[in-house]
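Trainee: Sequence first, then the predicted structure, then my questions.
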Amino acid sequence: MYSDCKEGLKMKIVAILLVFLSYRVCDAAPADNDGKTIDEIIMESAVSHEMFDLIHDMGDGEMMVMVELDILLTLKELAKYGNKRSRVRRKATSSDRQLWENCNVYYEIEDADFSDADRVVIAEALAEWQNYTCLKFRRSSTEPSRIRVRNGGGCYSRLGRTGGIQDLALAPNCRRKGIVVHEFGHAIGWFHEQARPDRDDFVTINFDQIPVNWRSQFGKVAQALVNDRGVEYDYDSIMHYSGNTFGPGTIVTRNPEDQSRLGQRFGLSFRDIKLANLMYNCAGTMGCEKKTCPGEGFQGKDCKCYCPGPVRTSPVVPCGNTTRPTTPTTPTTTSATSTTEGVPPGPDCMDVRSGCAELKANGLCKNDTARMSVFCRKTCDLCSTTPSGSCMDYDEGCPLFAANGYCERDGLGVFFRDECPLSCKVCTPVDECAAFLGQSSSPGHMSSFLATVVMVTVAIWGFR
């Protein structure tokens with residue numbers, strides 16, 4: 001940022017797959033099993049290096065914020081979920097307004113964006129949701145509240161039902177069953193598992209490993225504000241990131257034997273399925289007489305009790321036919337906190353996404369230092385100015401946000417202080433010239449900056 005001074009199967013497939021609507025063994029492993037975790041795929045799916053900017057101009061004067069790599073929120077939503085007194089940042093939202101009414105999830109697919117093979121993958125992902133839960137995915141281009149599945153710069157979704165047309169983006173590398181299941185998990189109302197308030201009993205977050213402007217995205221919410229519906233922490237969740245989001249040691253399990261379980265991208269886990277059934281009251285919706293199930297068992301949409309089964313083949317089985325024991329949930333240590341204590345440090349200098357060599361060849365190491373210092377430190381030779389020790393803004397609109405009081409605004413202050421440490425005056429710039437200029441004076445960069453000024457001004461006016 002301161003480079004001048006520093007250098008046609010469609011839903012027919014679903015109909016076929018839904019012949020198997022009863023709880024059956026499902027082959028959860030996708031054909032393209034390359035061993036990559038859910039967050040690695042999301043990180044590498046970005047078509048543009050700008051995909052992971054936290055603040056996005058949506059093209060119509062609306063400004064939105066990308067949190068946790070793939071959840072898109074409006075500023076008002078960010079204020080709600082970022083306020084420690086009122087936020088409900090959890091795996092499962094407790095707001096009935098964000099749940100899909102009568103378990104009907106409406107969606108449409110931008111057909112021109114997807115091949116027949118892509119649509120098969122989407123259908124397989126939706127069939128998994130319908131197989132294990134009472135959610136019904138109905139294709140519609142007229143329903144006022146619906147998901148629009150489209151091509152995008154990466155993988156991302158809105159949170160829950162927003163009350164309008166909401167985008168769920170699947171860039172080419174996102175078109176894998178597990179990724180689609182994950183993104184629809186956000187769309188039905190789920191954040192990531194590692195955002196749970198009890199996560200410190202099970203994992204340690206190494207904040208020194210995380211770039212400054214992303215640290216607020218690895219926070220957690222107070223226990224009193226969470227409705228986890230009694231479902232315990234789940235290392236196997238399709239919504240849990242791996243330990244390597246920003247390099248080895250980003251998230252470390254309390255029990256080392258559980259480390260390899262993080263970040264799976266095969267499909268819904270037992271506790272994912274249980275939570276969705278409780279969240280949408282599947283048994284009650286289907287008119288089941290309430291019954292108590294053994295162990296971790298829950299009552300499914302067919303009124304029967306289901307217990308944990310083999311993780312990657314049939315995560316739920318009728319209770320009494322359980323083929324795997326209940327996963328222990330008692331923390332191996334107590335009074336844990338998310339610090340760097342006991343966490344193996346990651347490499348001092350590394351890239352955290354693919355394609356850095358190409359970005360460097362295109363001159364972005366010099367012309368877009370802020371972004372490259374986050375994602376391509378090694379390739380761009382920016383290790384001496386790592387995000388944890390830098391004083392810079394990570395968005396062009398930061399001066400305007402700071403001038404309008406966003407650095408201190410309730411529910412937004414933490415986010416903007418992390419994203420705009422220079423403009424929010426929470427650090428001292430090492431490069432005084434950079435602090436004075438604020439932006440590159442090259443014509444292309446300045447035109448982009450002026451466009452951002454207009455966008456931010458409109459957003460601030462609307463937020464008020």
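Mentor: Arrived safely.

Trainee: In the stretch 201-350 of the chain, where is pLDDT below threshold?
Mentor: Flagging of the stretch 201-350 of the chain using pLDDT under 70 yields the residue ranges 221-227, 321-348.

Trainee: where along it do the helices fall?
Mentor: If DSSP state H, counting those that start in this stretch is used as the criterion, the helices of the stretch 201-350 of the chain fall at 270-279, 282-285.

Trainee: Mind listing residues that contact the last one?
Mentor: The set of residues external to helix 282-285 that reach it, using CB atoms under 8 Å, 6 or more residues apart in numbering, is 102-103, 133-134, 276-277, 290, 299-301, 303. C-beta here means a position set from N, CA and C on the backbone, and glycine is covered the same way.

Trainee: For the closest residue to Cys293 other than its chain neighbours, which residues are in contact?
Mentor: Closest residue to Cys293 apart from its sequence neighbours, by CB to CB, 6 or more residues apart in numbering: Cys305 at 3.6 Å. Listed by CB under 8 Å, 6+ apart, the contact partners of Cys305 are 291, 293-294, 297-299, 318-319.

Trainee: which of those sit farthest apart?
Mentor: Using CB to CB, these reach their maximum pairwise distance at Lys291 and Pro318, which is 13.0 Å.

Trainee: quick revisit: most neighbours per residue, which of the helices of the stretch 201-350 of the chain?
Mentor: helix 270-279 (a mean of 25; mean count of other CB atoms under 10 Å).

Trainee: Now do the residue nearest to Cys293 against Lys274, distance only.
Mentor: 11 Å (CB to CB, to the nearest Å).

Trainee: remind me which residues of the stretch 51-200 of the chain are low pLDDT?
Mentor: In the stretch 51-200 of the chain (pLDDT under 70), the answer is 60-61, 81-96.

Trainee: ok so Val65 is a strand residue?
Mentor: Yes - assigned with DSSP: H, G, I helix; E, B strand; the rest coil, Val65 falls within a strand.

Trainee: That one and Leu73 touch, don't they?
Mentor: Yes - counting by CB atoms under 8 Å, Val65 touches Leu73, with 5.2 Å between them.

Trainee: These two: who's more crowded?
Mentor: Val65 (23 against 20; other CB atoms under 10 Å).

Trainee: what sits against that one?
Mentor: So Val65 contacts 54-56, 72-75, 78, 415 (CB under 8 Å, 6+ apart).

Trainee: just these now: which is nearest Glu408?
Mentor: Nearest to Glu408 among those, with distances taken as CB to CB, is Phe415, at 11.8 Å.

Trainee: helices and strands around the helix or strand hosting that closest one, which ones?
Mentor: In the assignment (DSSP states H and E), Phe415 maps to helix 413-419. Secondary-structure packing of helix 413-419 (3 or more CB pairs under 8 Å, 6 or more residues apart in numbering; DSSP states H and E): helix 75-82, helix 398-403.

Trainee: do that again at 7 Å, thanks
Mentor: helix 75-82 (3 or more CB pairs under 7 Å, 6 or more residues apart in numbering; DSSP states H and E).

Trainee: List the contacts of the next helix or strand after the helix it packs on.
Mentor: Downstream of helix 75-82, the next assigned helix or strand under DSSP H and E is strand 104-109. For strand 104-109, contacts defined as CB atoms under 7 Å, 6 or more residues apart in numbering pick out 119, 122, 135-141, 143, 145-149, 188.

Trainee: Keep only those of these that are in strands.
Mentor: 136-139, 146-149 (DSSP state E).

Trainee: which among these gets closest to Met43?
Mentor: Nearest to Met43 among the ones in strands among the contacts of strand 104-109, with distances taken as CB to CB, is Val149, at 20.8 Å.

Trainee: Tally up the residues packed near the closest one, please.
Mentor: 27.

Trainee: quick one: the residue nearest to it when sequence neighbours are not counted and His240, what's the gap?
Mentor: Leaving aside its chain neighbours, Val149 sits nearest to Ile109 (4.6 Å; criterion: CB to CB, 6+ apart). Plainly put, Ile109 is 27 Å away from His240 if you go by CB to CB.

Trainee: Tabulate the CA atom coordinates of stretch 262-270 in CSV.
Mentor: Coordinates of each C-alpha in stretch 262-270 appear next as CSV, following Å, rounded to 0.1, in the frame of the first residue of the first chain:
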residue,chain,number,x,y,z
LEU,A,262,-9.5,-30.8,12.0
GLY,A,263,-10.5,-29.4,8.7
GLN,A,264,-12.1,-32.5,7.1
ARG,A,265,-13.9,-31.9,3.8
PHE,A,266,-15.8,-35.2,3.3
GLY,A,267,-19.2,-34.3,4.6
LEU,A,268,-21.4,-33.8,7.6
SER,A,269,-20.3,-35.2,10.9
PHE,A,270,-22.5,-36.9,13.5
